[in-house]
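Colleague: Quick check, what structure comes out for this input:
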Amino acid sequence: MSMPAPAYFTAEMVRALPEDGNRYEVVHGELLVTPAPRRRHQRLLAHLFYALRGYLVVHPVGEVLWSPADIVGDAGTLVQPDLFVAPAEADPPAGWPTLPELLLVVEVLSPSTTRQDRFSKRRRYQEAGVPMYWIVDGEAKQVEVWTPAALFPVIERDRLVWRPAGAGDAFRMELGELFGPA
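Modeller: Down below sits the predicted model:
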């Protein structure tokens, strides 16, 4: 007879789950399970990654990374953002950064992640004070831009602009450049 699933998950419990090709996350104790992303999803991430990486080479305020990465907010939160910018450190002593340290978080919507990206994870990123959260909607060819105090997103259909503290110039990316090749 199998054990019933716990009603509340912790970051440690998620780390102990078997490797089975799914992405496991936990937000406020809720287990989030998603399958591997599709090719279009990965292409959008690649375009954003290379654009952000080029910007951060010139303005070294952080490092752009992708998941899998165990980003912890507290004992009941472990997320794996599609892309994120962490503060620049040569070799962080604790491994992955924690949620409050992130400068930018990016999630690309997939059919299986829309609810958690827009609600559970978005609220957690806002609570942690992540300064900028982008939800990339490849179907609608737009990006929802969230800040910690926002009740609703700013919907960008033309370009993304990000002004991290300490950077001389803002990051800018035309959405035609992001969505066109994908």
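
Colleague: Any figure for the gap between residue 87 and residue 41?
Modeller: 26 Å (Cβ to Cβ, to the nearest Å). Placement of C-beta: from N, CA and C, glycine included.

Colleague: wait, I meant residue 53
Modeller: Counting by Cβ to Cβ, the gap from residue 53 to residue 41 is 18 Å.

Colleague: hmm, who's touching stretch 58-65?
Modeller: 49, 52-53, 56, 83-89, 103-104, 164-169, 171 (Cβ atoms under 8 Å, 6 or more residues apart in numbering).

Colleague: Can you show me the CA trace of it as CSV?
Modeller: Listed next in CSV are the C-alpha coordinates belonging to stretch 58-65 (Å, rounded to 0.1, in the frame of the first residue of the first chain):
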residue,chain,number,x,y,z
VAL,A,58,28.5,45.5,-21.3
HIS,A,59,26.7,46.2,-18.0
PRO,A,60,28.0,43.6,-15.5
VAL,A,61,25.3,44.0,-12.8
GLY,A,62,24.4,40.3,-12.9
GLU,A,63,24.6,37.0,-14.6
VAL,A,64,21.8,35.5,-16.7
LEU,A,65,21.1,31.8,-16.0
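
Colleague: how far does stretch 70-86 stretch from start to finish?
Modeller: 13 Å (Cα to Cα, to the nearest Å).

Colleague: which of the residues in that stretch are buried?
Modeller: By neighbour count on 16 or more other Cβ atoms under 10 Å, the buried set for stretch 70-86 is 71-73, 76-86.

Colleague: for that stretch, the distance to its chain's centre please.
Modeller: 8 Å (Cα atoms, centre = their mean, to the nearest Å).

Colleague: Sort out which of the contacts of stretch 58-65 are buried, if you could.
Modeller: Here, 16+ other Cβ under 10 Å leaves 49, 52, 56, 83-86, 103-104, 164, 167, 171 buried among the contacts of stretch 58-65.

Colleague: Looking at those residues, which are in strands?
Modeller: Among the buried ones among the contacts of stretch 58-65, the ones falling in strands (DSSP state E) are 83-86, 104, 171.

Colleague: and the longest helix seen in the chain with strand 83-87, angle?
Modeller: Ordering each helix of the chain by length in residues (DSSP state H) puts helix 39-58 first. Taking axes from the mean of the first three to the mean of the last three Cα atoms, to 10 degrees, helix 39-58 and strand 83-87 form an angle of 20 degrees between their directions.

Colleague: Now helix 39-58: buried residues?
Modeller: So helix 39-58, judged by 16+ other Cβ under 10 Å, has buried residues 41-45, 47-49, 51-52, 55-56.

Colleague: shaky segments in the protein?
Modeller: 1-4, 90-94, 181-182 (pLDDT under 70).

Colleague: again, only this time at 50
Modeller: Scanning the chain for pLDDT under 50 picks out 182.

Colleague: At the geometric centre of this protein, which residue sits there?
Modeller: residue 81 (2.9 Å; Cα atoms, centre = their mean).
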